[in-house]
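> sharing a sequence plus its predicted fold:
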Amino acid sequence: MNIGIAGIHTGIGKTVCSAVICQALGYDYWKPVQAGDLENSDSNFIRDHVTNPSCKIHPERFRLLTPASPHYAASLEKIEIKREDFILPSTKNNLLAETAGGLMSPLAKNFLNIDLLPLLQLKTVLVSNNYLGSINHTLLSWEALRSKGIPLLGIVFVGETVASTEEFILEHTQLKKLFSIPLLKELSQKTIQQFASEKNITLGIE
């Protein structure tokens, strides 16, 4: 089963969530679009933090130099991103594809991150984070996914636990809480491996 990792916003923990899943379940990893910080890309983070030998990291389809919305970064480099550019990497393993930024961030004109999920036929994990405004961002993301008929496996909360926020989101959306990732004092192979081994990481499809 191939899955998509989608976030309610940028910088909310999608890559850490991806690392935990790849470590615990041995999924392959693919970031279709990386915009900026290529030396410290999300693919490199997975490479540096995941020790599960089943996890293969597939090259990005687009590696853009500018840390900005992919549509803008691509325009600066005179690159056109098109729907037909995206095909799932060939693998016999389960594959996890991590989107770039928030669900509605644009890859090109009339082509948003959210559009990758049905295009690649990915069941989706929604990643949320507890901050002021996260309820709004989470519910809007959930509504956007529902409006496009994208199947959701559940939600993962990353960061500080705010029980009232999580309870409201879960009750309103009726999403399954897959697991939570707390604020880790240190992000390393050891902490990712320890967290993945201690928690019952499941997507309900294994």
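Good, I have the coordinates.
> tell me where this protein has strands.
With DSSP state E as the criterion, the chain has strands at 3-7, 28-30, 33-35, 57-58, 62-64, 95-102, 106-108, 111-112, 123-129, 152-158, 177-181.
> name the stretch among the ones you listed that sits most buried.
Counting by mean count of other Cβ atoms under 10 Å, strand 3-7 has the highest mean neighbour count of the strands of the chain, with a mean of 26. Bear in mind the C-beta positions are built from the backbone N, C-alpha and C, glycine included.
> packing partners of that strand?
helix 14-25, strand 95-102, helix 113-119, strand 123-129, helix 134-147 (3 or more Cβ pairs under 8 Å, 6 or more residues apart in numbering; DSSP states H and E).
> tabulate the ones you listed in JSON lines, adding columns for distance to residue 165 and mean pLDDT.
Formatted as JSON lines, the helices and strands packed on strand 3-7 follow (distance: least, Cβ to Cβ, whole Å; pLDDT from 0 to 100):
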{"stretch": "helix 14-25", "distance to residue 165": "17", "mean pLDDT": "96"}
{"stretch": "strand 95-102", "distance to residue 165": "18", "mean pLDDT": "95"}
{"stretch": "helix 113-119", "distance to residue 165": "23", "mean pLDDT": "96"}
{"stretch": "strand 123-129", "distance to residue 165": "9", "mean pLDDT": "97"}
{"stretch": "helix 134-147", "distance to residue 165": "6", "mean pLDDT": "97"}
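> reformat those as a markdown table; add distance to residue 88.
Supplementary listing: the helices and strands packed on strand 3-7 in a markdown table, determined by distance: least, Cβ to Cβ, whole Å:
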| stretch | distance to residue 88 |
| --- | --- |
| helix 14-25 | 16 |
| strand 95-102 | 6 |
| helix 113-119 | 10 |
| strand 123-129 | 13 |
| helix 134-147 | 19 |
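> tell me which of these sits nearest to residue 59.
strand 95-102 (12.7 Å; Cβ to Cβ).
> which residues touch the closest one?
With contacts defined as Cβ atoms under 8 Å, 6 or more residues apart in numbering, strand 95-102 is touched by 2-10, 14-15, 18, 21-22, 27-35, 42, 58, 69-70, 88-89, 107, 113-114, 116-117, 120, 122, 137, 141.
> cheers, nothing more for now.
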